[in-house]
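# This is the structure alone, sequence omitted:
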């Protein structure tokens with residue numbers, strides 16, 4: 001899909017907003033990375049203050065996908081840092097949305113990838129490998145499932161059950 005704004009997607013698909021097939025996340029995320037506009041099929045992950053599974057996912061080929069990480073909204077440590085984001089960029093991920101914190105902001109801002117997170121935090125996460133892959137997550141007032149489509153730009157983040165066009 002050509003890069004279009006989330007506002008254009010909403011305007012062209014108002015019926016999908018009404019029936020709940022197109023949802024806007026609450027505007028709680030900060031914008032990081034050089035790619036302010038990104039979209040792709042969603043892969044979900046649920047963790048809490050642990051980044052082992054986040055790193056494992058980003059070591060895989062991204063193929064234009066978007067990793068959505070429900071970090072429980074924790075503001076006590078960062079579950080994503082510069083090294084995994086560089087790896088994600090190199091492996092072809094379109095973006096990463098983190099319901100939690102990141103660190104190494106300057107390094108992440110130098111990467112050609114889109115990253116959204118609640119905030120930055122200097123403390124690193126635990127490394128126990130605890131979490132759930134490919135499960136529905138609820139972040140920013142929205143339920144997000146594996147295989148749905150995510151669209152992000154400077155206006156916000158949308159999730160739809162299918163790939164959309166305008």
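Nice, thanks for sending it over. As the structure is a computational prediction, the values presented were derived from the model and not from experiment. Residues are numbered from 1 along each chain as shown.
# For this structure, just list every one of the strands.
Along the chain, counting by DSSP state E, strands occupy 22-24, 30-32, 38-46, 66-70, 78-80, 95-102, 114-120, 132-133, 137-139, 142-144, 149-153, 156-160.
# List the buried residues of the second one.
Of the residues in strand 30-32, those buried under the neighbour-count criterion (16 or more other CB atoms under 10 Å) are residue 32. Every C-beta, even on glycine, is put in place using the N, C-alpha and C of the backbone.
# likewise the fifth one?
Taking 16+ other CB under 10 Å as the basis for neighbour counts, the residues of strand 78-80 that come out buried are 78-80.
# how about TSV for the strands of the chain, with mean pLDDT and distance to residue 60 added?
Formatted as TSV, the strands of the chain follow (pLDDT from 0 to 100; distance: least, CB to CB, whole Å):
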stretch	mean pLDDT	distance to residue 60
strand 22-24	97	26
strand 30-32	98	21
strand 38-46	97	9
strand 66-70	98	10
strand 78-80	98	15
strand 95-102	98	13
strand 114-120	98	17
strand 132-133	98	11
strand 137-139	97	18
strand 142-144	97	19
strand 149-153	97	17
strand 156-160	97	21
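# In a markdown table, list the ones you listed along with distance to residue 6.
Listed next are the strands of the chain as a markdown table, based on distance: least, CB to CB, whole Å:
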| stretch | distance to residue 6 |
| --- | --- |
| strand 22-24 | 8 |
| strand 30-32 | 13 |
| strand 38-46 | 9 |
| strand 66-70 | 14 |
| strand 78-80 | 22 |
| strand 95-102 | 13 |
| strand 114-120 | 12 |
| strand 132-133 | 27 |
| strand 137-139 | 16 |
| strand 142-144 | 13 |
| strand 149-153 | 5 |
| strand 156-160 | 5 |
